[in-house]
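Asks: Just to be clear, the model below is a prediction. Sequence and coordinates:
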Amino acid sequence: MALRWLMWCTAVVVLAMLVQPAVPQSSCDMTSNYHGVPGIPGAYGPHGADGPKGEKGDTGDGPLHAMGRKGEPGAPGPAGRTGPKGEQGPHGQRGFRGPKGESGRGARRAETPKSFFSYKRGILQQPTRERPIAFNRDIVPDLDTSLKGENLTHGMFSCKIKGVYYFTYHISAKDLVCLKLMKRTEAVLSLCDSSSSHLVTAGSLVLDLEVGDKVYLQPTQHNKIITSQHIADNTFTGMLLFPSI
């Protein structure tokens, strides 16, 4: 398109020159003062190579490039998830030995209260019905004084330490025997045993006693207790299991 336009412009110029009135000039002047027709512009040449990169410029003074004041710290964010457990590290060096501590005070061993008895019957007469059976002989008479148990008064044990007690008895009889284990005036255990000849009956019971309570054995109307020590022994034993508050 540019080439066509140049061609049209050139034709117009030539035509204008042709119609211009002729001026009589000498042959010498016409040769020396005549300018030729401008040539047609050439086509655009290729782009040249990029020049070298320039140096970095200074920071501008405008508001867009100025650095503002440091802002206030923002609110802390939520805690992140717990990471995986790391590997166990190596053992550290052994520490120095600490100073020796003070000697402790000796502890006093608490004395546990004791209460017990163990007797047998050494009386030849039959025990009286509905009365306490008398047990009058200590089974282990040679014990140290500190280990001596409670005495039985007319066959009755009298509680001196409030607590839980264990009682047991063994009675030898012939044909028939009926007994009651009494606490105060109440029968807490009753039994009867029979046989065609001799027999040994036994029983045991745990009782919670108050100070002053009395525990004893007594026969009923049906009894044939053997009193001869050469044939059998009749025993009555009791002990404190633990005191109570």
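Replies: Perfect, thanks for sending it.

Asks: hey, where'd the strands end up in this protein?
Replies: When assigned using DSSP state E, the strands of the chain occupy the ranges 116-120, 137-138, 157-158, 163-183, 186-209, 214-225, 235-243.

Asks: So, low pLDDT: which residues of this protein?
Replies: Applying pLDDT under 70 to the chain picks out residues 1-34, 59-68, 106-110.

Asks: how about a cut-off of 80?
Replies: Of all residues in the chain, those with pLDDT under 80 make up the ranges 1-36, 57-69, 104-112, 145-147, 229-230, 245.

Asks: Could you provide the strands of the chain in JSON lines, with additional columns for distance to residue 53 and mean neighbour count?
Replies: Yep, even glycine has a C-beta here, placed from its N, CA and C like the rest. Shown next, in JSON lines, are these (distance: least, C-beta to C-beta, whole Å; neighbours: other C-beta atoms under 10 Å):
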{"stretch": "strand 116-120", "distance to residue 53": "113", "mean neighbour count": "18"}
{"stretch": "strand 137-138", "distance to residue 53": "123", "mean neighbour count": "15"}
{"stretch": "strand 157-158", "distance to residue 53": "119", "mean neighbour count": "20"}
{"stretch": "strand 163-183", "distance to residue 53": "105", "mean neighbour count": "19"}
{"stretch": "strand 186-209", "distance to residue 53": "108", "mean neighbour count": "13"}
{"stretch": "strand 214-225", "distance to residue 53": "118", "mean neighbour count": "18"}
{"stretch": "strand 235-243", "distance to residue 53": "102", "mean neighbour count": "18"}
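
Asks: Could you point out which of the ones you listed sits nearest residue 95?
Replies: strand 235-243 (46.7 Å; C-beta to C-beta).

Asks: Would you give the sheet partners of the closest one, along with the direction of each?
Replies: With DSSP bridges as the test, strand 235-243 is paired with strand 116-120 (antiparallel), strand 163-183 (antiparallel).

Asks: So which of the strands of the chain is nearest residue 77?
Replies: For those, the distance to residue 77 is smallest for strand 235-243, at 63.3 Å, taking C-beta to C-beta.

Asks: Centre of the chain to that closest one, how far?
Replies: Using C-alpha atoms, centre = their mean, to the nearest Å, the mean C-alpha position of strand 235-243 is found 43 Å from that of the whole chain.

Asks: Stretch 90-100 now?
Replies: Taking the mean of its C-alpha atoms, stretch 90-100 sits 28 Å from the chain's own mean (C-alpha atoms, centre = their mean).

Asks: which outside residues touch it?
Replies: Stretch 90-100 is contacted by no other residue when judged by C-beta atoms under 8 Å, 6 or more residues apart in numbering.

Asks: From start to finish, how long is that stretch in a straight line?
Replies: The distance separating the two terminal residues of stretch 90-100, taken as C-alpha to C-alpha, to the nearest Å, comes to 29 Å.
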